[in-house]
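Engineer: Sequence first, predicted coordinates after that:
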Amino acid sequence: MEQYDSLIVGGGIAGLQAAIQLGRYEHRVLVIDAGYGRSTLCQSYHNLLGWPDGISGNELRRLGRLQAEKLGVAFIQDEVVQAVKKGKPGDGFELWGKSGKGYEAPTVLLATGLMDPLPELPKLKECLGLTVYVCPDCDGYEIKNKQTIIMGSGDVGAGMALKLSSRTDKLVYVNHGQRVVQKELLEQMEQHGIAYWAEDIQEVIAAGKGIFGGVVLASGQSLAAERGFVAFGGNEVKSDLARQLGAERMENRHIITDSRSKMTSVPFVWAAGDVGVHAEQVTIAMGEGAQAAIWMNKALLMMKEEANAHRVIVHS
């Protein structure tokens, strides 16, 4: 089993930023990436410094990987399914992938992220990040004064519609699956002039590649729109490795970390990005990746100093 100084699980935005920082410290770093994630689905991030015209998640990942590789960071495509602590704190960790390969290091960063639940609707994914969005903080600006359909379910979709009502007065909420919506929320939507349909969506209308044009309902009726938002709730937080290692998590499965260092409750295991507890933003994921890497470097230097001191004692 090949040994590294640091193992980064997840090759998304947080993992790549951490890899770049650790590479600049000249540590031996391996990024274990499943090859897909939330960022691979977004075709354009609009709110990033330096990218006023947007950049896709895949392109951002490609550029980040090239930058990290130039610093000597290694990459492998695999999905880690088992994580084991070796002995006492400081003895390191073993990670095992679906490939059957094992990976070993004294420090680990979990940057495994989360996945938004998306209905299997034709043409939906090709619009994500371009004209259909999931995050009101990231992309609420993109629907300003535009006819917008909220594709959601139950109270979650209603809550999204109400949150976006400050951006446009041309909102329609389609309750795909017809889950119950609280009477109070229905009344609030009516007060805000939000049209409401409790009916399944049959397909997304694409007015061009990546251009959202509305939806076709199960009844066959079409609803036209310029923009869309998805709001189904129940994100899949990919924190099972943290559970295996004994790291503290919230009830919603997000990993709890120290606000200063991003270390979890397990010594020498860090977490950064959407798998942690915070707003789900690319820029925050970048910052947390760098933040975690800085403290991982401190830990590695401390381990090296302790190992050198031990050698001096043994040989004296």
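Structural biologist: Looks like it arrived, so ask away. Numbers count the residues shown, from 1 in each chain.
Engineer: can you count the residues close to Val269?
Structural biologist: 25 (other Cβ atoms under 10 Å). C-beta coordinates here come from the backbone N, C-alpha and C atoms, glycine included.
Engineer: now swap in Leu121 and tell me
Structural biologist: Residues near Leu121, counting by other Cβ under 10 Å: 18.
Engineer: Distance of it relative to Glu280?
Structural biologist: 22 Å (Cβ to Cβ, to the nearest Å).
Engineer: Tell me where the model's unsure across the chain.
Structural biologist: Along the chain, segments meeting pLDDT under 70 span 310-316.
Engineer: Tell me how it divides into domains.
Structural biologist: 6-116+235-315, 125-231 (automatic domain parsing).
Engineer: before we move on, which element is the residue lying closest to Gly220 once chain neighbours are set aside in?
Structural biologist: Spatially, and ignoring its direct neighbours in sequence, Gly220 is nearest to Gln202 (7.7 Å; Cβ to Cβ, 6 or more residues apart in numbering). Element membership of Gln202 [criterion: DSSP states H and E] is strand 201-208.
Engineer: Show me how far the next helix-or-strand element following that strand is from its chain's centre.
Structural biologist: Downstream of strand 201-208, the next assigned helix or strand under DSSP H and E is strand 211-217. Its chain's C-alpha centre lies 26 Å from the corresponding centre of strand 211-217 when counted by Cα atoms, centre = their mean, to the nearest Å.
Engineer: What lies in contact with strand 211-217?
Structural biologist: 121, 127, 130-132, 149, 151, 174, 197, 199-207, 222-228 (Cβ atoms under 8 Å, 6 or more residues apart in numbering).
Engineer: in terms of contact, does His192 touch Ser166 like I think?
Structural biologist: No - here His192 lies out of contact with Ser166, judged by Cβ atoms under 8 Å, at a distance of 9.3 Å.
Engineer: neighbour count winner among these two?
Structural biologist: His192 (14 against 11).
Engineer: In the biggest helix by length in the chain, which residues are buried?
Structural biologist: Scanning the chain for the helix with the most residues, using DSSP state H, yields helix 282-315. If you call a residue buried by 16 or more other Cβ atoms under 10 Å, then helix 282-315 has these buried ones: 282, 284-293, 295-297, 299-300, 303.
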